[in-house]
Each structure stands twice: as C-alpha cells, then as structure tokens.
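Visitor: what follows is a predicted structure for the sequence shown.
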Amino acid sequence: MRVALLSTIEAIADAGGDPQGFLPVAGRSVVQHQVEFALFMGCEKIACHAVGLPRELIELQHLVESYGARFQIIHNARALSGIVKAADELLVMADGLLVDQKLAANAVGDRPGILVFPAEEGVAAGYERIDRDYAWAGLMLVRGSAVEHLADLSPDADPVSGLLRIALQAKTLAKPMKKGTLASPDWGIVRSDAEAKNFEQNWLQKNVNSAPFYAPLLALSDRAAIHLAARSPMPRLGRIGSYLVAAALGGLAGIGGLIGYGAAGFLLAGASYTAWQLGRSASAVDAIGRSGSAKWTKLSSGLAVCLDALLVALVWMASPYFDRVTATLAAATALLVMRLGVYLPIRGWKILLSDRALLAMGLAISASFGEIAVVLQIITIVSLMAICIDSTRIGITRA
C-alpha cells in the first residue's frame, strides 16, 4: 500500500499565523494540490501533520474520502506508526511544495528515492541542503519501515524532517531532477502570498492560452474565466456551470430561430459560445498541475460541434424560403473552412476563425437585412484568401 505524508506546519513567511499550505494557487490551496498529487500517485492513505483541526483540512478529508481513500490529521511524528506499516511505501512532500503531477510522477518512479537538485542551485532557490552535493527537492518515496525509527526522535520532532534524516542515514538513492526544472513553473515551494501569486501567474501563462485582443470576444471571455476560476474555491463548479449555461442559451437560440426571431437566435448563440469559452478556459485553469481529464476535453469538443451545428440550423431557419439551401451550404462551408484554418500552422490571426461569438453577431446583423447567404459567402472567400496567402508565405502549399 502507498501512503502519503503532507505537512501544514510552516506559517506564511510574509504574514505569519496561517499555514503556507493554505495559500491559494489557481483556485485550490497548496495542500489540496498535494492531496490531488497523492491520489494521482495511488496513495490509499494520506496523513497530514497539522496543528489543531483546521476547517480547510476537514474539507480535504471529505474530498479524499470521496475518492475512496483515507485522510488523517496527525499532531506528532509517532502518530504515523499507526498509519504506516513496514511493507508500505511512504510518499513524503515538503510543506508548501507545488509540482506538476506528470513531471513529479516520472521523477519519483517506482523505486524508493530522494529527489534532489544540485546543492548550489537548490539552496539558492530555498531548498534544504542535505549534503555537499545535493539539496532536497521536497519530494521522496521511502519504505514504510523508516517510520519505526521516528520513535528514536523527540516527541515534538517534525515527521517530514525526521524521515528525511532517516532516509539519508539509510543511504536511500538520490534521484537528481532534470536540468532546468528549477527554472520551470512546474516545481516550487510556496512560502508567502507573493510567491503564491507569482507561481499562479507562471502556471497560467504556461498552461492557459489567452486569445489576443484583436479577437475581442474570445479575449474577454478568456480573461474573465482565468480571473474568476483562479480565485474561485470551487473552479470545477464554474466549469460545469459555464457549460450548462452554454447548453441552455443554445436551446433558447434554437427556440428563437423556430419562432421566427432569427437575429435574436444568433445573438443567443453568440452568448452560448461565450459561455462555452468561459467553461473551456475554466477547465484549463482547473487542469493546472493535474494530469488532465480526457472526459472534459471530449465534452468541450462535443459541445463546440453542437454549437456549430446550431449556427447552421439557425441559418436555415432565418433565411428566406427560396434561399435556404444556398445559405445553409454557405454556413456549413464557412464553418468547415474556419475549423480547418485553426489547425494550420499559419499566423496568430487565425484565432479570429475561432471567434464564433463574433461570427454570430455578424449573422444577427445580416439576418436583419436578409443577406445571410451573401455575408457567409464573403466570410468564406476572405478566410480562404487569407489562409492561402499565409500558407504560400510559409511554404505549406509547395510540393
């Protein structure tokens, strides 16, 4: 069995009082990120060294138990003996450590070991020196039998530091981290509110691609989602809520088209796309530091296809009877061209091809003048011309 040991003993460096493990980063506390990593690593029990019974840890206990694992708060090193058996593996994380799940899992591997940085670089970055050559990277996997030796330490000894000393005395294998890890936003120890904000900003810049402002509606929805999701205590609810709102607005758009309010239907479809974009950006924020979720990616992609189909249906319903086939074919062609252009390695302007809310607003205006088919044909021609010019420039079309 694999067991994890976390700690929330250290206080925030620039404020004092509250544990640094409770600092928020990308919508979740540092210790929640650690708990999620422990679950990702297959830990069936998670022990957290803490003072008292903080509300934050009680909430984490419910989260862990919802995954079928066990969460226990301990107040001293000797309490570990009732949780960890000699045959177990113990995953130990330093207080305040934040890591990317996949990177950390690959570094830990399946064998006991202490993850280390070169001493000079590691100490300069605030990591604990363990010998002449190395500094502890804040993560290690040790045998459960190491817990038995905690009884030799004083009752008030810190279990994380104690286990590190015991592992070093047992000559546990040192596993050097890949070069450049310290400079990346995927690994760090957060000790202050300023460090938490800096870590969050670096994570967002790396993992969430915000649209540029020449795609205005996409840019605004991206930034709104990042701002809200990064500060929300429950970012997953924000994501689910956004997708539900997108579906509801899409349904209203369809009803609007059916009863003859084509322009209103297009505007509602645009709002539905904006809600979908909010959900997608919230998903990106929620996935930071995690291994990702194929289920949510498929849901988001499927909803985007449904919204494209909704636009085509609205074009059919909003077009004059004699022009429906032409307009519908023009809508399908325009959307296919836009989807193709997004995947081509052309300039950054191609993000405009993804801004369906902007397209829906244009169609709402054209519906008011009864020229939907002509507008769609113009959009398709302009998009193809831009794609061809840019593709020729970078040599995509050369034999």
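Guide: Thanks, I have the structure now.
Visitor: could you spell out which stretches of this structure belong to which domain?
Guide: With automatic domain parsing as the criterion, the domains of the chain are listed as 2-198, 210-394.
Visitor: pLDDT on the helix or strand containing residue 160, on average?
Guide: Applying DSSP states H and E as the criterion places residue 160 in helix 159-169. Mean pLDDT, helix 159-169: 93.
Visitor: give me the residues contacting it.
Guide: Helix 159-169 has contacts (Cβ atoms under 8 Å, 6 or more residues apart in numbering) with 5, 7, 49, 74, 76-77, 80, 90, 92-95, 112, 114, 128, 130-131, 136, 140, 142, 146-147, 149-150, 153. All C-beta atoms are positioned from the backbone trio N, CA, C, and that covers glycine.
Visitor: format the domains of the chain as TSV; extra columns: mean neighbour count.
Guide: Below are the domains of the chain laid out as TSV (neighbours: other Cβ atoms under 10 Å):
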stretch	mean neighbour count
domain 2-198	18
domain 210-394	19
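Visitor: out of those, the one nearest residue 204 is which?
Guide: Closest to residue 204 of the domains of the chain, according to Cβ to Cβ: domain 210-394, at 6.0 Å.
Visitor: rewinding a little: could you identify which of the domains of the chain has the lowest mean pLDDT?
Guide: Among these, domain 210-394 has the lowest mean pLDDT, at a mean of 83.
Visitor: quick one: distance of it to the chain centre.
Guide: Here the centre of domain 210-394 is set off from its chain's centre by 22 Å, with Cα atoms, centre = their mean, to the nearest Å.
Visitor: re the thing from before, in JSON lines: the domains of the chain, plus distance to residue 204.
Guide: Listed next are the domains of the chain as JSON lines, based on distance: least, Cβ to Cβ, whole Å:
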{"stretch": "domain 2-198", "distance to residue 204": "7"}
{"stretch": "domain 210-394", "distance to residue 204": "6"}
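Visitor: all strands of the protein, in order?
Guide: Under the criterion DSSP state E, the chain contains strands at 2-7, 24-25, 28-29, 45-49, 70-74, 89-93, 97-99, 113-118, 134-143, 174-176, 187-189.
Visitor: what's the closest of these to residue 373?
Guide: strand 28-29 (48.6 Å).
Visitor: thinking again about what came up before, quick one: which of the strands of the chain is nearest residue 316?
Guide: Nearest to residue 316, of all these, is strand 28-29, at 44.2 Å by Cβ to Cβ.
Visitor: for that closest one, the distance to its chain's centre please.
Guide: Centre-to-centre, strand 28-29 and its host chain are 12 Å apart (Cα atoms, centre = their mean).
Visitor: now stretch 199-209
Guide: Relative to the chain's own centre, stretch 199-209 is displaced by 9 Å; criterion: Cα atoms, centre = their mean.
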